[in-house]
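Student: Need a 3D model of the following:
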Amino acid sequence: MKLLLWLCLWVGLATPAFAGPLADGKRRLEGAGLVVRFDAEHRDLAQEIFATLPAHVQELASKLALPPPPEIEVIVVQDRREAARWTSAPVPTWSAALALPDQGRMLVQVDHLPPANRSELSAVLRHEALHLVFGQLPWHVRRSIPLWFEEGVAQVYAAPVFRFQRDELALRVQIWHSPNLAEWSERFPEDGEGARTAYLYSEAMVRLMVRYWGNEVIGRILSELDRADSFGAAVVAATGEPVVWHEARLHEELASDRSVYVRSLYGYLGGLGMFAISPLLVLGFARARRKRRDRLQRFEHDEDSSELSELDRAALAATNEAPPSEEREP
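Tutor: As a prediction, this is how the structure comes out:
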């Protein structure tokens, strides 16, 4: 009897529970440690989130040796305007999802995940799941972590919000301006281009630290944060070097990579070449279509002419074979 009760309890926890609409009109998928709230027309997306998110959370928690969040609530919203009703923080125009670690909550925007781009859902969930895992750190540790470090770790260990392009980052550093990590300790720019630079630069910093000190450097920094006075002190304890040295090394690598100009020049020339020959391609296609149309018209005309010629020849042959008419005498 006890075995049967335990079996029923396990099945109940493992099976998602479908509930009716809540006060705000949203339905609910509920399982062990996960609730997904959604509108009826977004049921397929909600079921995909419900099925895949727990595995992402467990994997990332294991990588960083951190406990997974005990409860996660995912709210599927239509757009940025609806997302803003669930959080007091600004919602960037380029964002597809938003993690609220203090609430154990994640917002997923449907308008940024159309069916054609649904393959990106896994990357979006992994990136935001890492923020929820970071939210399990003690408060005094979490508040000392600069935003660039957390976003850089999410880019490297989970999934990139903006796909990493070293050449693009090197050009930004060499031509436009040299970014500074201090700019992004608390928030990233709200415009897409500024945010892209911040994400690329933060990812490059974390990649550099991992390249020099190994994958375990992230875990060491997080461990040192528990007893260090600041993030900078934790980095020194974990690597023996202050953050400014790591950043100076990154600047030196990016600024000294002069081959980026050649690679970018080839890319620009290729784009300009395609732009320059595009009118010729259009004319060529139009000319080919015109030739094809003329060929079809000529074929149809020749075919009709051959049929008329056969009829004429048949009529002529019939006339030649007919007996001559008798001549009447006057």
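Student: quick check: mean pLDDT across stretch 92-107?
Tutor: For stretch 92-107, the mean pLDDT works out to 89.
Student: could you show me where the strands are in the stretch 1-150 of the chain, in order?
Tutor: 17-19, 27-31, 34-38, 72-77, 97-100, 105-109 (DSSP state E, counting those that start in this stretch).
Student: okay, the fifth one in PDB with CA atoms only?
Tutor: What follows is the C-alpha trace of strand 97-100 in PDB, where atoms were taken according to Å, rounded to 0.1, in the frame of the first residue of the first chain:
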ATOM      1  CA  ALA A  97      13.800  37.000 -22.400                       C
ATOM      2  CA  LEU A  98      14.600  38.500 -19.000                       C
ATOM      3  CA  ALA A  99      15.700  36.700 -15.700                       C
ATOM      4  CA  LEU A 100      14.600  38.000 -12.300                       C
END
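Student: For the stretch 51-200 of the chain, which residues score under the pLDDT cut-off?
Tutor: 89, 114-119, 164-167, 171-178 (pLDDT under 70).
Student: out of the strands of the stretch 1-150 of the chain, which comes closest to W213?
Tutor: strand 97-100 (26.7 Å; CB to CB). C-beta: built from backbone N, CA, C; applies to glycine.
Student: So which bits of the closest one are buried?
Tutor: Residues of strand 97-100 classed as buried under the neighbour-count rule (16 or more other CB atoms under 10 Å) are 97-100.
Student: now, which of these sits nearest A158?
Tutor: A99 (10.8 Å).
Student: residue contacts, the residue lying closest to the closest one once chain neighbours are set aside?
Tutor: Using CB to CB, 6 or more residues apart in numbering and skipping residues adjacent in sequence, the residue nearest A99 is H131, 3.7 Å away. Residues near H131 by CB atoms under 8 Å, 6 or more residues apart in numbering: 99, 101, 150, 154.
Student: can you check Q103 too?
Tutor: E73.
Student: Any figure for the gap between it and R37?
Tutor: Counting by CB to CB, to the nearest Å, the separation of Q103 from R37 is 13 Å.
Student: hey, what's in contact with both of the two?
Tutor: Contact criterion CB under 8 Å, 6+ apart; residues shared by Q103 and R37: E73.
Student: Take the contacts of H131 and write them to TSV, including distance to S223.
Tutor: Formatted as TSV, the contacts of H131 follow (distance: CB to CB, whole Å):
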residue	distance to S223
A99	23
P101	19
E150	16
A154	19
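Student: Which of those residues fall in helices?
Tutor: Under the assignment DSSP state H, these contribute E150 to helices.
Student: Out of the contacts of H131, which two sit at the greatest distance?
Tutor: P101 and A154 (11.8 Å).
Student: More neighbours: which of those two?
Tutor: Neighbour totals were compared for P101 and A154, and A154 leads with 26 against 19 (other CB atoms under 10 Å).
Student: surely the more buried one meets V124?
Tutor: No: with contact defined as CB atoms under 8 Å, A154 does not reach V124; the gap is 11.1 Å.
Student: what about the helices in the stretch 51-200 of the chain?
Tutor: Along the stretch 51-200 of the chain, the stretches classed as helices by DSSP state H, counting those that start in this stretch are 80-84, 121-134, 139-142, 147-153, 166-171, 192-213.
Student: okay if I get the ones you listed as a markdown table plus distance to L53?
Tutor: Converted to a markdown table, these look like this (distance: least, CB to CB, whole Å):
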| stretch | distance to L53 |
| --- | --- |
| helix 80-84 | 18 |
| helix 121-134 | 5 |
| helix 139-142 | 21 |
| helix 147-153 | 19 |
| helix 166-171 | 30 |
| helix 192-213 | 22 |
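Student: between these, which gets nearest to Q47?
Tutor: Per CB to CB, nearest to Q47 of the helices of the stretch 51-200 of the chain: helix 121-134, 11.6 Å.
Student: if we can go back for a sec, minimum distance to R163: which of the strands of the stretch 1-150 of the chain has it?
Tutor: strand 97-100 (16.4 Å).
Student: Neighbouring strands - and their directions - for the closest one?
Tutor: Within its sheet, strand 97-100 is paired with strand 105-109 (antiparallel), according to DSSP bridges.
Student: which other residues reach the partner strand?
Tutor: 45, 49, 72-80, 83, 86-87, 91, 95-100, 124-125, 128-129, 132.
Student: Just the buried residues of those.
Tutor: 45, 49, 72-77, 80, 83, 86, 91, 95-100, 124-125, 128-129, 132.
Student: quick one on the thing from earlier: format the buried residues of strand 97-100 as TSV; extra columns: distance to A55.
Tutor: Shown next, in TSV, are the buried residues of strand 97-100 (distance: CB to CB, whole Å):
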residue	distance to A55
A97	17
L98	21
A99	17
L100	21
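Student: Of all pairs in those, which one spans the longest distance?
Tutor: Taking CB to CB as the measure, the buried residues of strand 97-100 span a maximum distance of 10.6 Å, between A97 and L100.
Student: can you dump the C-alpha coordinates of stretch 62-72 into CSV?
Tutor: The C-alpha trace of stretch 62-72 is given here as CSV (Å, rounded to 0.1, in the frame of the first residue of the first chain):
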residue,chain,number,x,y,z
SER,A,62,26.6,21.4,-12.1
LYS,A,63,29.2,23.2,-14.3
LEU,A,64,29.5,26.1,-11.8
ALA,A,65,29.1,23.9,-8.7
LEU,A,66,26.1,25.9,-7.5
PRO,A,67,22.7,24.7,-6.3
PRO,A,68,19.9,24.9,-8.8
PRO,A,69,17.0,27.2,-7.9
PRO,A,70,14.4,25.4,-5.8
GLU,A,71,11.5,27.0,-7.7
ILE,A,72,11.3,28.7,-11.1
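Student: Thanks a lot, catch you later.
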